[in-house]
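K.L.:
What follows is a predicted structure for the sequence shown.
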Amino acid sequence: MKVSREEALLAYKEECFKQTMPYAYELAYIDDGIRQTEADHDVSPSGRIILFPDDEHNVLNFEGINEDYVVFVNRDGACEPDFVKRLLANGRGADIVYPDEDFATDISADLSDINVRIRTLRTPWRKPDYSPDTIVSFPYIETCFAIKSRFARCVPAIKRSPEIGDNVRCRDFLLRAMEMASSVVHVPQILYHRDLSKLVDDPVNATDQEIYAALYDRYSRPGYILCREAAEKRRGINIIPDPGKKQYLVSIIIPSKDQPRVLKECIRNIRIHAGNTPYEIIVVDNGSSEENRKEADDYVSNIPGNRGTFIYDPSEFNFSQMCNTGAAAAKGDYLLFMNDDVDAVTEGFLEKLLVYAARPYAGAVGAKLLFPDDVSIQHIGVFETNRGPTHKLAGMRDDSVQYYCRNRFAWNVLAVTGACLMVNREKYYQTGGFCDKIKVGYNDIELCVRLFEAGYLNIVNNECVMTHHESLARGVDSQSDARSKRLSDERGIMYEMHPWMKSHNDPFYGYMLDKDTIEIKCGVVPDHQITDRRNRIKELDRLPGRVSGSVMMSVDSCSIERGIAEDAADAYVITGWALSTKWDNALVKKYVILVPLDEDDSEKKQCYIATTSPVYRTDVREVFPDAENVSLAGFVCRIPFDAIDPHIRYRIGVAIRKKTGIKSCRTALGDIYEPRRGIVKDD
């Protein structure tokens, strides 16, 4: 369909804007979707704002306050003009209400001007719904929150002193209030803007990672640590027993097969780092060779202190059944399910998991898992996204503080991986244990969801770290067609058991965050980053335009991508760049061309043509400074598996077609492409 020149230029500029300034794009074009009408505002509860810190007054003295709510606001920031009405109108009458926030590079700027807003506001903090373990570990609610006035008067507060400032006093007050509150509601709207200059030296040029690191440093200071320790003591969650009292026994259950060397290393690290917590080790073997069985049995049975039990049960691999078999033989008060390819590296790791698992409301508790390079994240919790349950931040660096400290502190999450999962024995059997219908994948997620549905909260403790040599025995699921199909089928079983997961937001993730990639970031995601997005492809009886030297192209990479979402097919992925040196590139569309080759590599007349998703590329612009509007020269093309024959070779090329004016198309042809191998250079 033809468009006007003005429409095409506007679309080009908006796409550049979207890819380079996603949060500014969200501010300019996307509404949060839950704003209240003026009529709703008129009947919303009333609130009295208290600014803190305040050296002149006691901010925790509520005498003379007749409004429904006391609204605490840190004075180092700015609020939306109608933020009290919006906050309380959406608070559903809860005892405590809190909103989302972001940062402002200039707190004195006129934020009512949209052009000023998109230049000034940055790094949105989309918060989870109320998470009792997270708030104790990490002050994700601090700068702006509301408490019912009559309720606030009943909450004890630390006395003012020169050593304890208002920030720590209000933090302690909020934690005490949450221990007494019957309801805490999160309003997923950004209503408060923190002054970034109070956190970093250069607010204009600071990166997101520098902001996250500064917050981590702030919340690791002594005052916040004391608040955390006091809250844990009040809540009775220090499970280290007094001398002379019986300690909890942890049963460590390890499914394993034909990996005696890996199993020995796993157990060796358990023994080194377990600390003083009593434990037993139960290995469930589903059919090792006789030689490997004997080696594993001898090693486990001779663990000092009679701590080892070896169960040999030859059968097809069924992780759920193996875990249930181990649990039936366990003597412990707590069950810790571990893969044999997981190495404990944190001293006292059992205690770091047990301190959370022993909480009466806790469900499953997991650790932070790193890949063998000890830098790349493998697991910091499992989140429900558009792609299904996802290991967000997988592959990202753990030596950097990720999105608002998600790889630091302890967080409530929807699920944790079964590679390291601790749960109270009674709760495990109360909810039915692992579902043996789900043999390999998603059984850990399904167990966690059942615990959540039973009223328990799942937790990942990022202060407990392990190394995961993922799937050494089975291989990686996504690298096999059969395994990929099995994974999809098992995900389907899980959704049949818990259909609400597909239609509800993950309460522990954050509204309007990215649900299409592995990162945690602003929810505005360009098409080329949506991994389950598939491009359209059709067959033509000839090339769509003549080959021209004015079309420049390069293929950067070729790969295979497994579809994760329920309706996403596996795809061949081609990335590269293309441009016209003669036409305005803002006014064209790019296509990937695949020309089938016969046995002697002669080109056939017909071809396939596939749409592409544009990618912002500053490097291409620098190489072709005279070409017009080439910022979106990059492309990604995802071709469904069933759209082309993977057993033949193709000449790969690019077609550039005008969107405006007289129809015209020019093409360029490159190297030979094999779907299963990628680019094959011509001889």
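P.N.:
Arrived safely, thanks for sending.
K.L.:
Excluding covalently adjacent residues, which one is nearest to residue 417?
P.N.:
Among residues not flanking residue 417 along the chain, residue 379 sits closest, at 5.0 Å (CB to CB, 6 or more residues apart in numbering). The C-beta positions use only the backbone N, C-alpha and C, and glycine is treated the same way.
K.L.:
got the contact list for the one you found?
P.N.:
Applying CB atoms under 8 Å, 6 or more residues apart in numbering to residue 379 gives the contacts 366, 367, 368, 369, 391, 394, 416, 417, 419, 460, 468.
K.L.:
ok, so what distance separates it from residue 389?
P.N.:
12 Å (CB to CB, to the nearest Å).
K.L.:
now swap in residue 443 and tell me
P.N.:
Applying CB to CB to residue 443 and residue 389 gives a distance of 11 Å.
K.L.:
what does the domain assignment say about the chain?
P.N.:
38-234, 250-502, 528-680 (automatic domain parsing).
K.L.:
Would you mind measuring the gap between the ends of the shortest one?
P.N.:
In this case it means domain 528-680. 24 Å (CA to CA, to the nearest Å).
K.L.:
go on, the longest one?
P.N.:
Across domain 250-502, the terminal residues are separated by 35 Å (CA to CA).
K.L.:
Off-centre distance for it?
P.N.:
Here domain 250-502 is found 19 Å from its chain centre; the criterion is CA atoms, centre = their mean, to the nearest Å.
K.L.:
right, so of the domains of the chain, which gets closest to residue 24?
P.N.:
Nearest of the domains of the chain to residue 24, taken as CB to CB: domain 38-234 at 3.8 Å.
K.L.:
so residue 193, which of the three states?
P.N.:
Following DSSP: H, G, I helix; E, B strand; the rest coil, we place residue 193 in the strand state.
K.L.:
List the beta-bridge partners for it.
P.N.:
residue 78, residue 102 (DSSP bridges).
K.L.:
Identify the contacts common to residue 443 and residue 389.
P.N.:
What both residue 443 and residue 389 touch, as defined by CB under 8 Å, 6+ apart, is an empty set.
K.L.:
who touches stretch 285-293?
P.N.:
The contact list for stretch 285-293 (CB under 8 Å, 6+ apart) reads 255-260, 296-297, 310-318, 322.
K.L.:
Export only the CA atoms of that stretch, formatted as PDB.
P.N.:
Extracted C-alpha coordinates of stretch 285-293, given in PDB (Å, rounded to 0.1, in the frame of the first residue of the first chain):
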ATOM      1  CA  ASP A 285      19.700 -43.000  39.500                       C
ATOM      2  CA  ASN A 286      17.300 -44.000  36.700                       C
ATOM      3  CA  GLY A 287      19.600 -46.400  34.900                       C
ATOM      4  CA  SER A 288      23.300 -45.800  34.700                       C
ATOM      5  CA  SER A 289      25.500 -48.400  33.100                       C
ATOM      6  CA  GLU A 290      26.700 -51.100  35.500                       C
ATOM      7  CA  GLU A 291      30.200 -49.500  35.800                       C
ATOM      8  CA  ASN A 292      28.800 -46.000  36.400                       C
ATOM      9  CA  ARG A 293      26.200 -47.300  38.800                       C
END
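K.L.:
Could you look up the SS state of residue 487?
P.N.:
helix.
K.L.:
what about it, neighbour count?
P.N.:
19 (other CB atoms under 10 Å).
K.L.:
and the gap between it and residue 641?
P.N.:
With CB to CB as the criterion, residue 487 and residue 641 are 16 Å apart.
K.L.:
Now do the strands in the stretch 301-450 of the chain.
P.N.:
For the stretch 301-450 of the chain, the strands defined by DSSP state E, counting those that start in this stretch cover 308-312, 334-338, 342-344, 362-370, 377-379, 383-385, 388-390, 410-413, 420-424.
K.L.:
got it, and the stretch 451-600 of the chain?
P.N.:
Ranges of strands within the stretch 451-600 of the chain are 457-468, 537-540, 546-547, 551-561, 571-580, 588-596, based on DSSP E, counting those that start in this stretch.
K.L.:
Turn those into TSV, including distance to residue 191 and mean pLDDT.
P.N.:
Formatted as TSV, those follow (distance: least, CB to CB, whole Å; pLDDT from 0 to 100):
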stretch	distance to residue 191	mean pLDDT
strand 457-468	26	98
strand 537-540	45	96
strand 546-547	57	95
strand 551-561	39	96
strand 571-580	39	97
strand 588-596	40	97
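K.L.:
Dump those to TSV, plus mean neighbour count and distance to residue 626.
P.N.:
What follows is these, written out as TSV (neighbours: other CB atoms under 10 Å; distance: least, CB to CB, whole Å):
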stretch	mean neighbour count	distance to residue 626
strand 457-468	23	50
strand 537-540	14	32
strand 546-547	10	22
strand 551-561	17	12
strand 571-580	23	11
strand 588-596	23	16
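K.L.:
and residue 586, how many residues sit next to it?
P.N.:
21.
K.L.:
Would you agree it is in contact with residue 627?
P.N.:
No: using CB atoms under 8 Å as the test, residue 586 is too far from residue 627 to be in contact (10.9 Å).
K.L.:
Mutual contacts of these two, please.
P.N.:
Common contacts of residue 586 and residue 627 (CB under 8 Å, 6+ apart): none found.
K.L.:
Which one of the contacts of residue 379 is nearest to residue 449?
P.N.:
Nearest to residue 449 out of the contacts of residue 379 is residue 416 (CB to CB; 11.3 Å).
K.L.:
Look up the closest residue to that closest one, ignoring the ones flanking it.
P.N.:
residue 366 (2.8 Å).
K.L.:
before we move on, back to that, out of the strands of the stretch 451-600 of the chain, the one nearest residue 528 is which?
P.N.:
strand 571-580 (8.4 Å).
K.L.:
report the angle between the axes of the closest one and strand 551-561?
P.N.:
170 degrees (axes from the mean of the first three to the mean of the last three CA atoms, to 10 degrees).
K.L.:
any idea how far residue 666 lies from residue 426?
P.N.:
Distance, residue 666 to residue 426, using CB to CB: 70 Å.
K.L.:
Between these two, which has more neighbouring residues?
P.N.:
residue 666 (21 against 10).
K.L.:
got a list of what residue 446 touches?
P.N.:
With CB under 8 Å, 6+ apart, residue 446 has these contacts: 434, 435, 438, 494, 497, 498.
K.L.:
so can I have a markdown table of those showing pLDDT and distance to residue 284?
P.N.:
Formatted as a markdown table, those follow (pLDDT from 0 to 100; distance: CB to CB, whole Å):
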| residue | pLDDT | distance to residue 284 |
| --- | --- | --- |
| 434 | 98 | 12 |
| 435 | 97 | 17 |
| 438 | 96 | 17 |
| 494 | 96 | 23 |
| 497 | 96 | 24 |
| 498 | 97 | 26 |
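K.L.:
any idea which of those is closest to residue 679?
P.N.:
Ranked by distance to residue 679 (CB to CB), the contacts of residue 446 are led by residue 494 at 38.2 Å.
K.L.:
tell me, how many neighbours does the closest one end up with?
P.N.:
Residue 494 has 21 neighbours, counted by other CB under 10 Å.
K.L.:
With residue 374 instead?
P.N.:
So residue 374, with other CB under 10 Å, has 11 neighbours.
K.L.:
count of residues packed around residue 278?
P.N.:
15.
K.L.:
distance of it from residue 225?
P.N.:
28 Å.
K.L.:
any idea where the helices of the stretch 251-400 of the chain begin and end?
P.N.:
Ranges of helices in the stretch 251-400 of the chain, per DSSP state H, counting those that start in this stretch, are 260-273, 290-301, 319-329, 349-357.
K.L.:
Pick the most deeply packed of these.
P.N.:
Mean neighbour count (mean count of other CB atoms under 10 Å) peaks for helix 349-357 among the helices of the stretch 251-400 of the chain, with a mean of 24.
K.L.:
Fine by me, we can end here.
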